[in-house]
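Novice: Next one to model:
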Amino acid sequence: MSGRAGLGIVYRCISTHLCRKAGFSCKVARTVAVTLIQRFGGALNLYVHFHMLFLYGVYADQPDGSLRFRWVKVPSRAELARLSHTLAERIARYLERQGLLERDAENSYHLEISLSRH
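Specialist: Predicted coordinates for the structure are as follows:
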């Protein structure tokens, strides 16, 4: 999976969650995030992954054209579980469309490693 595609999926999923939790659509509210793309693990092994920091709230459009920050409550365990499940499903669907992942009869996924893509 390209880093941009994965980052986009994660950002849109969390952003949509925050907008909805604040009571807005993504058309009238904006989120803010900073992402660090780390390319190596602690042992200097290749291990590309993201560190994302989101403000836990949204900037909502006001009638006068200004933006106002609206905090949202800290997520419950159930919300985090649903968000994790949604992220996993969206990333799996993307990988499936790219031909890198296949579902089996039990609806589980199997990763297809293709050396020709690297």
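
Novice: quick one, helices of this structure?
Specialist: 3-21, 77-97 (DSSP state H).

Novice: Need those helices in JSON lines (columns: distance to H51).
Specialist: Just so you know, the C-beta spots here come from the backbone N, C-alpha and C atoms, and that holds for glycine as well. Below are those laid out as JSON lines (distance: least, CB to CB, whole Å):
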{"stretch": "helix 3-21", "distance to H51": "11"}
{"stretch": "helix 77-97", "distance to H51": "15"}
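
Novice: Just name the most buried of the ones you listed.
Specialist: Highest mean neighbour count among the helices of the chain (mean count of other CB atoms under 10 Å): helix 3-21, with a mean of 16.

Novice: now the angle from it to helix 77-97?
Specialist: Relative orientation of helix 3-21 and helix 77-97, computed by axes from the mean of the first three to the mean of the last three CA atoms, to 10 degrees: 150 degrees.

Novice: residues in contact with helix 3-21?
Specialist: 25-26, 29, 31, 33, 35, 37, 48, 50, 52, 54, 56-58, 72-73, 75, 79, 83, 86-87, 90-91, 94 (CB atoms under 8 Å, 6 or more residues apart in numbering).

Novice: quick revisit: out of the helices of the chain, nearest to R68?
Specialist: When the helices of the chain are compared by CB to CB, helix 3-21 sits nearest R68, at 13.8 Å.

Novice: Compare the helices of the chain and give me the one nearest S66.
Specialist: Using CB to CB, the helices of the chain put helix 3-21 closest to S66, at 17.8 Å.
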